[in-house]
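Colleague: Here is a sequence with its predicted model. Questions after.
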Amino acid sequence: MLDTLIFAGQVIVPKSNGAALRGTQMNELSFIDNGAVGIKDGVIAFIGTAEEAAQLQAKEKIEAEGKLLSPGLVDPHTHLVFGGSREHELALKQQGVPYLEILAQGGGIHSTVKATRETAEDALYKKGMFHLNRCLTYGVTTMEAKSGYGLDKETELKQLRVAKQLNETHPIDVVSTFLGAHAIPENYKGRPDAFLEEMLSLLSVISKEGLAEFVDIFCETGVFTVEQSKVFLQKAKTAGFGVKIHADEIDPLGGTEMACEIGAVSADHLVGASKEGVRILGESDTIAVLLPGTTFYLGKDHFAPARDMISSGAAVALSTDFNPGSSPTENLQFIMTLAALKLKMTPEEIWNAVTVNAAFAIGRGDVAGSLEIGRRADLVLWDVPNYKYIPYHYGVNHVNKVWKNGKLVVGKGDIHANYTLST
Ligand SMILES: [Zn+2]
């Protein structure tokens with residue numbers, strides 16, 4: 001006897017095959033029209049057609065013939081834990097005040113660092129909970145969360161501890177990344193190497209307390225060079241961490257090439273990746289995590305060369321880059337629309353990029369991003385007739401229900417049980 005049996009007009013069953021999908025594989029999306037998925041003891045116990053499911057016994061049957069059922073979405077790049085917000089900077093941006101001037105006025109990342117340092121751990125936890133709840137209502141069941149708004153030992157650890165606590169108490173699985181090398185703090189101005197040493201000195205405690213699986217660095221003009229990033233990430237790798245990189249967001253510095261060379265799990269942003277970088281990406285196992293919401297929100301016209309990447313044979317994932325400055329949104333569905341319009345990705349590629357490939361980009365390819373018998377049941381039921389509809393009908397939330405580990409955690413229009421939105 002199954003616990004729950006869900007009938008849907010279409011069921012997306014992305015293939016995982018033990019690795020991220022790359023190149024032309026990304027355009028293949030498996031689905032079952034008039035399908036059904038059964039859950040027992042929190043895991044998927046049946047996947048098949050409605051016809052095959054007709055005789056199955058279940059404690060609860062959900063008839064959703066007009067709707068779409070998919071794996072829970074995976075958001076592989078977020079800056080979830082932070083203090084404050086920066087809505088006042090929107091007017092400055094409209095007036096054309098350059099980001100560097102906003103920074104000089106104490107705004108930009110510095111204002112978030114100040115607010116994060118000043119916010120107590122329990123308040124950061126509550127704020128993180130609020131955002132996680134929203135992610136869940138938008139269909140995300142697994143996501144990554146970076147530190148990087150402390151830029152000092154104490155606050156970086158505080159952010160990571162909050163992320164760990166959120167992972168333990170919220171239905172969403174939160175995978176932690178240490179991004180202490182996010183920017184150079186005021187007191188280390190002109191001494192980036194000394195600051196990187198300071199951040200590296202945290203790795204032993206992060207490792208001992210199980211506070212992060214990945215280490216990331218912001219490799220960009222005026223922040224950390226490719227060479228500094230390489231040395232930093234290699235040390236993190238030696239210490240047992242998976243590595244990621246914010247690379248070539250603005251200028252083609254060669255961060256993409258370096259990420260592939262050192263075997264980074266993912267290289268993220270890549271708007272300015274060079275032709276050679278794109279070619280090397282296609283031959284590497286490094287996953288390109290693209291963040292078109294950030295390009296959109298920064299008001300830029302030039303987006304990451306997703307088509308070139310896929311043509312070169314690369315694996316592409318998509319993410320919100322949720323953060324208080326350059327991408328204040330938890331809405332991965334909107335990112336799917338931007339991927340269609342601005343990255344020219346097909347609906348099939350987009351779905352693979354927010355499920356299978358996103359899961360592999362954060363080391364969760366074996367448990368998240370796909371539907372397989374015996375896997376935990378992370379499912380989303382959507383108020384849409386087919387998978388192509390979500391990138392098309394934009395800006396709204398199409399989620400009808402979300403199950404995490406087989407448990408219903410979001411129902412129509414609200415969050416179930418203990419997971420209420422609070423400010
Ligand atoms: Zn980021």
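Modeller: Cool, the structure landed.
Colleague: Moving C-terminal from the strand or helix carrying Glu144, which element do we reach first?
Modeller: Per DSSP states H and E: Glu144 is located in strand 140-146. On the C-terminal side of strand 140-146, the closest following helix or strand by DSSP H and E is helix 153-169.
Colleague: tell me the average confidence for the helix or strand that that following helix is followed by?
Modeller: For helix 153-169, the following helix or strand on the C-terminal side (DSSP H and E) is strand 173-181. Confidence over strand 173-181 (mean pLDDT, whole number) is 98.
Colleague: got the angle between the strand holding Glu144 and strand 173-181?
Modeller: 20 degrees (axes from the mean of the first three to the mean of the last three C-alpha atoms, to 10 degrees).
Colleague: Pull up the pairing partners for strand 140-146, direction included.
Modeller: strand 73-75 (parallel), strand 173-181 (parallel) (DSSP bridges).
Colleague: Now find how far off-centre it is within its chain.
Modeller: 5 Å (C-alpha atoms, centre = their mean, to the nearest Å).
Colleague: and if you look at stretch 389-399?
Modeller: The answer for stretch 389-399 is 18 Å, by C-alpha atoms, centre = their mean.
Colleague: again with stretch 19-35
Modeller: On C-alpha atoms, centre = their mean, the centre of stretch 19-35 falls 20 Å from that of its chain.
Colleague: Out of the strands paired with strand 140-146, which one sits most buried?
Modeller: Among the strands paired with strand 140-146, strand 73-75 has the highest mean neighbour count (mean count of other C-beta atoms under 10 Å), at a mean of 29. In short, each C-beta sits where N, CA and C put it, glycine included.
Colleague: Just the mean pLDDT for it, thanks.
Modeller: pLDDT averaged over strand 73-75 gives 98.
Colleague: Same question for stretch 226-235.
Modeller: For stretch 226-235, the per-residue pLDDT averages 98.
Colleague: CA atoms of that stretch as CSV?
Modeller: C-alpha atoms of stretch 226-235 as CSV (Å, rounded to 0.1, in the frame of the first residue of the first chain):
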residue,chain,number,x,y,z
VAL,A,226,43.1,34.5,-11.2
GLU,A,227,46.5,33.7,-9.7
GLN,A,228,45.4,34.5,-6.1
SER,A,229,42.1,32.6,-6.7
LYS,A,230,44.0,29.5,-8.0
VAL,A,231,46.4,29.4,-5.0
PHE,A,232,43.5,29.9,-2.6
LEU,A,233,41.2,27.2,-4.1
GLN,A,234,44.0,24.7,-4.4
LYS,A,235,44.7,25.1,-0.7
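Colleague: Need the strands paired with strand 140-146 in a markdown table (columns: distance to Val396).
Modeller: Formatted as a markdown table, the strands paired with strand 140-146 follow (distance: least, C-beta to C-beta, whole Å):
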| stretch | distance to Val396 |
| --- | --- |
| strand 73-75 | 15 |
| strand 173-181 | 25 |
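Colleague: With respect to Ala120, which of these lies nearest?
Modeller: strand 173-181 (19.6 Å; C-beta to C-beta).
Colleague: which of the residues in the next helix or strand after that closest one are buried?
Modeller: Once strand 173-181 ends, the next helix or strand along the chain (criterion: DSSP H and E) is helix 192-200. Across helix 192-200, burial judged by 16 or more other C-beta atoms under 10 Å covers 192, 195-196, 198-200.
Colleague: Local confidence estimate at Asn418?
Modeller: Looking at Asn418, the pLDDT reads 38.
Colleague: now swap in the one 5 residues further on and tell me
Modeller: Looking at Thr423, its pLDDT is 34.
Colleague: mind listing what Tyr394 touches?
Modeller: 333-334, 337 (C-beta atoms under 8 Å, 6 or more residues apart in numbering).
Colleague: Is it correct that Ala8 is in contact with Glu63?
Modeller: No - with contact defined as C-beta atoms under 8 Å, Ala8 does not count as touching Glu63 (9.2 Å).
Colleague: so how many other residues sit close to Leu157?
Modeller: 20 (other C-beta atoms under 10 Å).
Colleague: Could you do the one 5 residues further on as well?
Modeller: Under the neighbour criterion other C-beta under 10 Å, Val162 is assigned a count of 28.
Colleague: do the same with Ile206
Modeller: Other residues close to Ile206 by other C-beta under 10 Å number 23.
Colleague: I figured it hits Gln159, correct?
Modeller: No - if you go by C-beta under 8 Å, Ile206 and Gln159 don't touch, sitting 11.1 Å apart.
Colleague: How many residues are close by Ser30?
Modeller: By other C-beta under 10 Å, neighbour count at Ser30 equals 13.
Colleague: For it, which residues are in contact?
Modeller: By C-beta under 8 Å, 6+ apart, the neighbours of Ser30 are 12-15.
Colleague: From those, pick the one nearest Asp268.
Modeller: Pro14 (21.0 Å).
Colleague: what does the model give that closest one for pLDDT?
Modeller: 93.
Colleague: residues near it, how many?
Modeller: The number of residues near Pro14, taken as other C-beta under 10 Å, comes to 24.
Colleague: three-state assignment of it?
Modeller: coil (DSSP: H, G, I helix; E, B strand; the rest coil).
Colleague: any idea how far it is from Ile47?
Modeller: 12 Å (C-beta to C-beta, to the nearest Å).
Colleague: which residues are common contacts for these two?
Modeller: By C-beta under 8 Å, 6+ apart, the residues touching both Pro14 and Ile47 are Leu371.
Colleague: Okay, now the unreliable bits of the stretch 1-150 of the chain?
Modeller: Applying pLDDT under 70 to the stretch 1-150 of the chain flags no residue at all.
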